[in-house]
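Participant: Kindly generate the corresponding structure for this input.
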Amino acid sequence: MKCTCNLLTGLMALFRVVLGADIVTAEEANLRDRLEKRVYRDAGEANPCFLVAPQCPVGSKWVEVPWDFQGPHQTPEEPSPAMRLTMELLDALEDEFSIDPDRRYVTGLSMGGFGTFDLLVRRGQYFAAGIPICGGLDESRAKEIAHVPFWLFHGSNDPAVPVVRSRSAVEALKAAGGDPKYTEYEGMGHNVWSRAYHEPELRDWLFRQHRRAE
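Facilitator: Numbering: from 1, shown residues only. Predicted coordinates for the structure are as follows:
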């Protein structure tokens, strides 16, 4: 049996990758709580999958963007050291386990939202869907990933990553022929992932996605 792989900011065949940032020991309980709640625990029971949650080391970045995230950015030619290690990890998992190549997913929050877009730009044919939460896209690369199903989330009052970053990403993806979903939480600030990951339709939407050709 092949499993799905999910990469979270942050893999099962379903393979999901979750990209995180600056998580230290005192915060590990919060990370586990996020990932083990109904969205992932129950989804894993219904859809057996690997879940990989690489964390960006303190002081490092998934992608070289200004820390205040004010304004657009350009994708560096080379991935950051943390992103390079993550891609090497994915390759190693592919070598060791039977992972469905058409059902790999990636999501990330905050700087991990930027990392989600960065990873998709670098490996647009690798993932079946992306869920960037309060992140930002290099809009000049939108055409390369417009074929990927996206569901973006952001808070309208985000003080850390301006909501315009998600709004402009949605506009760029649509202009490039994509059809991204977008949920903006009115009046919410930065930590909208606590709500986004519990959206009733998110789990089923994610596991319905299969890799598409460009």
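Participant: now the helices for this structure?
Facilitator: In the chain, the helices defined using DSSP state H lie at 28-36, 38-46, 81-96, 111-122, 142-145, 164-175, 193-196, 202-208.
Participant: what's the angle between the fourth one and helix 164-175?
Facilitator: For helix 111-122 and helix 164-175, the angle between their directions (axes from the mean of the first three to the mean of the last three CA atoms, to 10 degrees) works out to 20 degrees.
Participant: For helix 111-122, name the packing helices and strands.
Facilitator: For helix 111-122, the elements it packs on are strand 14-21, strand 55-56, helix 81-96, strand 99-109, strand 129-133, helix 142-145, judged by 3 or more CB pairs under 8 Å, 6 or more residues apart in numbering; DSSP states H and E. C-betas here are computed from N, CA, C, even on glycine.
Participant: then that helix to CSV, C-alphas only?
Facilitator: Taking Å, rounded to 0.1, in the frame of the first residue of the first chain, the C-alpha atoms of helix 111-122 are listed here in CSV:
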residue,chain,number,x,y,z
MET,A,111,7.4,32.0,8.1
GLY,A,112,6.4,28.5,7.3
GLY,A,113,3.7,30.0,5.0
PHE,A,114,6.5,31.7,3.1
GLY,A,115,8.4,28.4,3.1
THR,A,116,5.3,26.6,1.7
PHE,A,117,5.4,28.9,-1.3
ASP,A,118,9.2,28.6,-1.6
LEU,A,119,9.1,24.8,-1.6
LEU,A,120,6.4,24.7,-4.2
VAL,A,121,8.3,27.1,-6.4
ARG,A,122,11.3,24.8,-6.2
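Participant: Out of the helices and strands packed on helix 111-122, which gets nearest to Ala172?
Facilitator: helix 142-145 (3.8 Å; CB to CB).
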